[in-house]
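Peer 1: coords please:
(chains A and B)
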Amino acid sequence: MAEINRIKNIITICVIILVIGLIIWPFIYIFISSFKPLKEIMARASFLPVDPTLKNYQTLLFARTPVRDFPRFLLNSLYVSVFTALFTLIISSISGYGIARNRKLRVGLVSKFLLFIYVFPTVVLLVPIYKLFTSMGLYDNLFGLIIIYTALVSPFCTWLLVSFFENIPRELEESAGIDGAGTFTTFTRIVIPLASPGLVTAGAYSFITAWGEYMFALILMSSNLKKTGPLGLATFTAEQYIEWGPLLSGSILIMIPVFILFMPVSGYFIKGFTAGAVKE
Amino acid sequence: MFKIRKNEIQQYLFLLPVFIIVLVIFAYPYIRNLIYSFYDISFGGAESNYIGLKNYIYLVGSKFFWDALGKSLYWTLGNLVIQLIVPLFLAILLNTKIKGIHLARSLVMLPWIAPTVAVAVCMRWMLLPRIGIINAFLTSIGLMEKQIHFLGNNTTAMPVLILLNSWKFLPFGTLMILAALQAIPLSVFEAAEVDGATGFQKFRFITFPLLGSMIWFVGFLAFAWNFNTFDFIWLTTQGGPGTTTQTLPVLIYRTAFKTFRLGEASAITVFIGIFLIILGLFYFSYLTPKEKQ
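Peer 2: The predicted structure is shown next:
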């Protein structure tokens, strides 16, 4: 019996490795290919580079022109993503706490409403947001992007955080109250530290979303200096002659921060993401 | 008594930040949209004229609108089928307790969190004829006789895009269904085993029924998201070749920001909004399990 189980286990492991390989091979292939010289990128495909080079990265990072300033694009994305994560955390932790501590809200419409916003078709916002932001001076303004990204992710992050806040025993807060702590002190000193895995998840989610967003950046940003990474990379593909080398290395540079940020928190991320869903 | 009141007000105050955001960024613009759809608006700050239902009348008679609606349904349903069936198997596969399964689950998530732009750019390169690895692979194993320009071809563009987009969104459904699987108590399976149930019977009579509400949930989210996809299509084919992959979101963008007819774009938008709101109400009133008290 134990023997059969071991064989079963080995087969399962092999199947899992095979399936994961099938799913993520494009990332590995692109990573390897970003070290190929142009000649190999534009020739018949081979998996490994014959003559590996850093030239694609060099072109992208050091051959900067005002129109093609990739490091600048990445910095813009970093700025936008960091502030989006920060604002989202402030907003959604406050609102999430409010919902978690009120049974009527938790099981009622509000929680469903947040989910409804999550599937809200954002394309319908293109025209009115464009007009609204133009009239408010937020067109071609990185701060405008921060506002729209915060709005896009904070309903979902609120929903995400509710399940984390719920798991904090109420007694802890009550005893803090007896010791004379006000609502605000209890919230910042007791609730927030205990919910930190949730906050990390929500923060990572907002950062990742803002870092990769393309549609709103496309309609709201026009000057070259203010383009975000995804928008900058996309404009390279619109040029007459597409230079695939720098495009591949640029794709890798845009993906790597997301993967690095995601892998350490992926456990929390998966747990937090699903905790709310199973309850729904 | 007063204390309770005060607490309740405080609790509602907590909700204020997210409420304001939803109002300003979602509700207000959507209402503006409704208003714009009755106007003839040109780009920039120029004047706009009230034209009543003309935008809508134009849409009803427009070949592009109906074509895009058809493409949208094709796109959405195609994606939906793949994104519901494959994750079911992936989730069952990943629902085992072995060493390193957490790493496996994290790795499976990568396509989903990867920025769309990077995925789209790389896929375009990999799909090219002559230099792309996918063409090279498919011809070398004899599945295709000659190389195909997958994204520049009327017959292949849409199915290939659906496959790519589904690959990117597989992790989401997998994650959700996996969570639902883990919520099923093991004792149920053990009892079934005692009664002599086979693996398939366990899946057919225990797992599958218990997953029901989660599958509807994933289906609902996937429908709404896929219906809404703009960036992936725009970054790979821009709706082309011709209008082969021009779904409603692509048409909205084109109408508003390429041909500068904002009013007409708003009218399409109103249509999409109403369609998805009806779908959402239907989902929430019929398909969600009633609250367990």
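Peer 1: in contact with the closest residue to chain B within the stretch 101-250 of chain A, which residues?
Peer 2: Closest approach between the stretch 101-250 of chain A and chain B, counting by C-beta to the nearest C-beta: residue A:212, at 3.0 Å. The way it works is simple: take the backbone N, C-alpha and C, and place the C-beta from them, glycine included. By C-beta atoms under 8 Å, 6 or more residues apart in numbering or on different chains, residue A:212 lies in contact with A:230, A:254, A:258, B:114, B:115, B:116, B:117, B:118.
Peer 1: Serialize the residues you listed to TSV and add fields for pLDDT and secondary structure.
Peer 2: Output for the contacts of residue A:212, formatted as TSV (pLDDT from 0 to 100; DSSP: H, G, I helix; E, B strand; the rest coil):
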residue	pLDDT	secondary structure
A:230	94	helix
A:254	95	helix
A:258	92	helix
B:114	94	coil
B:115	95	coil
B:116	94	helix
B:117	94	helix
B:118	95	helix
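Peer 1: mind putting those residues in CSV, distance to residue A:147 included?
Peer 2: Listed next are these as CSV, based on distance: C-beta to C-beta, whole Å:
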residue, distance to residue A:147
A:230, 18
A:254, 22
A:258, 22
B:114, 25
B:115, 20
B:116, 21
B:117, 21
B:118, 25
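Peer 1: looking at those residues, which is nearest residue B:11?
Peer 2: Distance ranking of the contacts of residue A:212 against residue B:11, using C-beta to C-beta, places residue A:258 first at 35.5 Å.
Peer 1: quick one, what contacts that closest one?
Peer 2: So residue A:258 contacts A:208, A:211, A:212, B:113, B:114, B:115 (C-beta under 8 Å, 6+ apart).
Peer 1: of those, which is the nearest to residue B:205?
Peer 2: The closest of the contacts of residue A:258 to residue B:205 turns out to be residue B:113 (C-beta to C-beta; 35.2 Å).
Peer 1: the closest one: how many residues sit nearby?
Peer 2: 23 (other C-beta atoms under 10 Å in any protein chain shown).
Peer 1: what's the pLDDT at it?
Peer 2: As predicted, residue B:113 sits at a pLDDT of 91.
Peer 1: quick one, phi psi at it?
Peer 2: Dihedral pair for residue B:113: phi -90, psi -10, per degrees, to the nearest 10.
Peer 1: mind listing the strands for chain A?
Peer 2: For chain A, strands defined by DSSP state E do not occur.
Peer 1: of all the residues in it, which one is nearest chain B?
Peer 2: For chain A, C-beta to the nearest C-beta, closest residue to chain B: residue A:98, 2.5 Å.
Peer 1: wait, that residue sits on residue B:9?
Peer 2: No: Residue A:98 is beyond contact range of residue B:9, at 11.0 Å (criterion: C-beta atoms under 8 Å).
Peer 1: ok, the two, which is more surrounded?
Peer 2: Set residue A:98 next to residue B:9 and count neighbours by other C-beta under 10 Å: residue A:98 wins out with 25 against 9.
Peer 1: spatially nearest residue to the more buried one, not counting backbone neighbours?
Peer 2: residue B:14 (2.5 Å; C-beta to C-beta, 6 or more residues apart in numbering or on different chains).
Peer 1: what sits against that neighbour?
Peer 2: Residues in contact with residue B:14 (C-beta under 8 Å, 6+ apart) are A:94, A:95, A:97, A:98, A:99, A:101.
Peer 1: got it, and residue B:93?
Peer 2: By C-beta under 8 Å, 6+ apart, the residues touching residue B:93 are A:12, A:15, A:16, A:19.
Peer 1: which pLDDT value belongs to the third one?
Peer 2: Looking at residue A:16, its pLDDT reads 92.
Peer 1: how many neighbours does it have?
Peer 2: There are 21 residues near residue A:16, going by other C-beta under 10 Å.
Peer 1: excluding chain neighbours, what is closest to it?
Peer 2: residue B:104 (5.4 Å).
Peer 1: kindly report the same for the second one.
Peer 2: Counting by C-beta to C-beta, 6+ apart, residue A:15 lies nearest to residue B:93, which is 6.5 Å off, once chain neighbours are set aside.
Peer 1: tell me which two of the contacts of residue A:258 sit farthest apart.
Peer 2: Spatial extent of these (C-beta to C-beta) is set by the pair A:211 and B:114 at 10.5 Å.
Peer 1: coming back round to it: is it true that the residue nearest to residue A:16 touches residue B:94?
Peer 2: Yes: counting by C-beta under 8 Å, residue B:104 does reach residue B:94; the two are 6.3 Å apart.
Peer 1: could you turn the buried ones of the contacts of residue B:93 into a ChimeraX selection?
Peer 2: Those of those that count as buried under 16 or more other C-beta atoms under 10 Å in any protein chain shown are selected in ChimeraX with:
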select /A:16,19
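Peer 1: roughly how far is stretch B:94-107 from the heart of the chain?
Peer 2: Counting by C-alpha atoms, centre = their mean, to the nearest Å, stretch B:94-107 is centred 26 Å from the centre of its parent chain.
Peer 1: contact partners of that stretch?
Peer 2: A:9, A:12-13, A:16, A:20, A:23-24, A:262-263, A:266-267, A:270, B:108, B:174-175, B:178, B:181-182.
Peer 1: swap the cut-off to 7 Å and go again
Peer 2: Stretch B:94-107 is contacted from outside by A:9, A:12-13, A:16, A:20, A:24, A:263, A:266-267, A:270, B:108, B:174, B:178, B:181-182, using C-beta atoms under 7 Å, 6 or more residues apart in numbering or on different chains.
Peer 1: ok, now stretch B:189-203?
Peer 2: In contact with stretch B:189-203 (C-beta under 7 Å, 6+ apart) are residues residue B:206.
Peer 1: next: stretch B:152-168.
Peer 2: For stretch B:152-168, with C-beta under 7 Å, 6+ apart as the criterion, the contacting residues are B:74-75, B:78-79, B:82-83, B:111-112, B:119, B:123, B:127, B:148, B:150-151, B:229, B:232-233, B:236-237, B:241, B:244-245.
Peer 1: now a ChimeraX select for only the buried ones of those residues.
Peer 2: In ChimeraX, this line selects whichever of those come out buried by 16+ other C-beta under 10 Å:
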select /B:75,78,79,82,83,111,112,119,123,127,148,150,151,229,232,233,236,237,244,245
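Peer 1: so which of the contacts of stretch B:152-168 are in helices?
Peer 2: B:74-75, B:78-79, B:82-83, B:111-112, B:119, B:123, B:127, B:232-233, B:236 (DSSP state H).
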